[in-house]
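**Student:** heads up, no residue letters with this:
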RNA sequence: GCCGGCUUAGCACAGUGGUAGUGCAACGGUUUUGUAAACCGUAGGUCGGGGGUUCGAAUCCCUCAGCCGGCACCA
């Protein structure tokens, strides 16, 4: 005789076991209709779940955040059902919920086509409209394996066979279609109203490139049409921020067939790039770094010694010269920096030695990995290697972490997450060395007062690392900075210093990058700001626009004044209406538009407008300069309005 | 690297076997203009490269490259 306690504290007694559905019905027919699932003593269950004993019960409706997950999961099932109906020979595998949607992987004799996708989606709509009841049953593990083997679902049988024998297996289905699933699911397919299949792609079985490739179908699903439309709108907005598109529109850079994965920087793009370097150069100088430059091309033996050739040889550019020597184009800066460290005898009194380089490296990335500026084959790292004693690891790591986070704030990235990546399966060095390195990095994190999440097995082959992940304006995460503790490489490359007892000691090397790849960071900035870079980074900071040719002389004079003060300014004297000029320079994301008409000329003023359309009124060139300077010097953290 | 899609003028795109098109940009002219697109005209293409089928290919087939979306990889 269960007594059910509802979230508001009220209780209802039933004289026999009841389902969640019946509990909902007892409260009201509207709630019953709205019920997606239930939460019984905190556990999510189907509406068909039978409550036999006293319990706390909640009815999950579309207002509940859990509902979305259930909808997506059930929509994945709907997808699998539709595929099995249209393509009976396809085998089902897995179909998890992911961010904003779900996917389902199928094994099928041929890839699905876009036409198949449309057909599958319309079948899904029919099945949803049929409002089929979702049923659940439970089998033993072995019976479930037998069941799916009989159906010819070998992948599914393999998945279930890996589950411990004692566990019960729940099967969900609708119509005569059935799948293994933990649940819970919506009570009937009619609850699935707002979904869309988005893309088809290949994906390896169990994520291993040695396995056969399956056909993956991606989809998105929401509580209602409005949310679905909002999501699709979000995708469109993200597309407008695409750095490849902005790069073309603003004439910043291009890529072309003859140099896959290598960037042709145009004047405006290169100006931004150099501004980033100048900024970092100054920050590093202030933090005690010394800038160096190591050769692009070094004998392959050096890379054999470092271990890079063995681990990454396939992705290194090698070149045989007429003297029969084999050279490698550097894919990393560390061996070069170690050579500089090694040149001459080093004393413990010199440590820490901080060597920084804006090093251009080349890596033969797999063709399928290339992606605009985000993943290229030739890129520039703001790479530094700090040589320290073991005792200095913590203090130096703390200093690096602080520098990193402070620099990110200058770019408007206040939301930074940190991951700790420990030893990978393939690595160099002894296990106790690794333990020391990992412990040191953990201690440093603690001392720096930062919190991290674990990223197991993802460390570099020579040491553990902290990974710094930035969240951009539309909520996407980008891993940029890294700090690695390396107790292996200096020894392999024969680096040592003389300690206070005149003994040779191997230094510890801290690898750190803040932007990571400058090309990639550039792309992230473009997308973060949607091309509207803060004035200190904008390639053109102001445009002087005339209304008629009567103002030409004045405009040129004003521009000259601003230019002499270091402002990146252009004039637009074209025979066009001012509205047209404003439109063009706004689309070019020029932060300030300075309009000069007869009135401004007469009063020796400028009418100032921002790219966001705000009218800042009229002022002299000197006043404009003064206020622009505040914005530039604060790197955009203090804007005009402050 | 693997699976799929795409590649037509500077850019965005139309053109499914029969004379390569539209808009924007460019160029020339008219217009002297007040805060997100004035008007008229002109020029611009080995339809990604190579090969094949066909009387005839942007269009069908093969192949290579690049790009796009995933997967795998990412020192």
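**Tutor:** Structure's in. What do you need? Note that the coordinates shown come from a computational prediction; the quantities given were computed from them, not determined experimentally.
**Student:** sec struct for residue A:135, please.
**Tutor:** strand (DSSP: H, G, I helix; E, B strand; the rest coil).
**Student:** and the gap between it and residue A:170?
**Tutor:** 11 Å (C-beta to C-beta, to the nearest Å). Every C-beta, even on glycine, is put in place using the N, C-alpha and C of the backbone.
**Student:** same check on residue A:80?
**Tutor:** 16 Å.
**Student:** who's more crowded, these two?
**Tutor:** Taking neighbours as other C-beta atoms under 10 Å, residue A:80 and residue A:170 compare with residue A:80 leading, 24 against 17.
**Student:** pretty sure the more buried one belongs to a strand, no?
**Tutor:** No - using three-state DSSP, the secondary structure at residue A:80 is helix, not a strand.
**Student:** my read: it touches residue A:175, true?
**Tutor:** No - if you go by C-beta atoms under 8 Å, residue A:80 and residue A:175 don't touch, sitting 11.8 Å apart.
**Student:** and residue A:391, how many residues sit next to it?
**Tutor:** 12.
**Student:** cool, the one 3 residues further on as well?
**Tutor:** For residue A:394, the tally of surrounding residues (other C-beta under 10 Å) stands at 19.
**Student:** so who does it touch?
**Tutor:** A:440, A:443, A:444, A:447 (C-beta atoms under 8 Å, 6 or more residues apart in numbering).
**Student:** among those residues, which are in reach of RNA strand B?
**Tutor:** Among the contacts of residue A:394, proximity to RNA strand B is found for none (C-beta under 7 Å from any atom of the strand).
**Student:** got a winner among those for most neighbours?
**Tutor:** Top of these by neighbour count (other C-beta under 10 Å): residue A:444, with 23 neighbours.
**Student:** return the residues in contact with that one.
**Tutor:** A:393, A:394, A:397, A:398, A:401, A:485.
**Student:** same question, residue A:248
**Tutor:** Here residue A:248 is in contact with residue A:254 (C-beta under 8 Å, 6+ apart).
**Student:** local confidence estimate at it?
**Tutor:** Residue A:248 is assigned 96 on the pLDDT scale.
**Student:** per-residue pLDDT, the closest residue to residue A:132 other than its chain neighbours?
**Tutor:** Using C-beta to C-beta, 6 or more residues apart in numbering and skipping residues adjacent in sequence, the residue nearest residue A:132 is residue A:174, 4.2 Å away. Per-residue confidence (pLDDT) for residue A:174: 94.
**Student:** before we move on, what about the one 3 residues further on?
**Tutor:** What the model reports for residue A:177 is a pLDDT of 92.
**Student:** how is chain A divided into domains?
**Tutor:** A:3-61, A:66-239, A:253-528, A:542-633 (automatic domain parsing).
**Student:** could I get those domains as CSV with distance to residue A:246?
**Tutor:** Below are those laid out as CSV (distance: least, C-beta to C-beta, whole Å):
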stretch, distance to residue A:246
domain A:3-61, 41
domain A:66-239, 11
domain A:253-528, 5
domain A:542-633, 8
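**Student:** ok, now how distant is residue A:513 from residue A:467?
**Tutor:** With C-beta to C-beta as the criterion, residue A:513 and residue A:467 are 10 Å apart.
**Student:** and for those two, which residues touch both?
**Tutor:** Joint contacts of residue A:513 and residue A:467 (C-beta under 8 Å, 6+ apart) are A:481, A:482.
**Student:** look up how far residue A:432 lies from residue A:479.
**Tutor:** 29 Å.
**Student:** settle it for me: which of those two has more neighbours?
**Tutor:** Counting neighbours by other C-beta under 10 Å for residue A:479 and for residue A:432 shows that residue A:479 has the greater number, 14 against 9.
**Student:** that one reaches residue A:471, doesn't it?
**Tutor:** No - using C-beta under 8 Å, residue A:479 makes no contact with residue A:471, being 11.0 Å away.
**Student:** tell me the pLDDT of residue A:642.
**Tutor:** Confidence score, pLDDT, at residue A:642: 57.
**Student:** wait, I meant residue A:638
**Tutor:** For residue A:638, the predicted pLDDT is 74.
**Student:** where in chain A is pLDDT low?
**Tutor:** For chain A, the stretches with pLDDT under 70 are A:640-642.
**Student:** so residue A:355, which state does it fall into?
**Tutor:** strand.
**Student:** neighbours of it, how many?
**Tutor:** 22.
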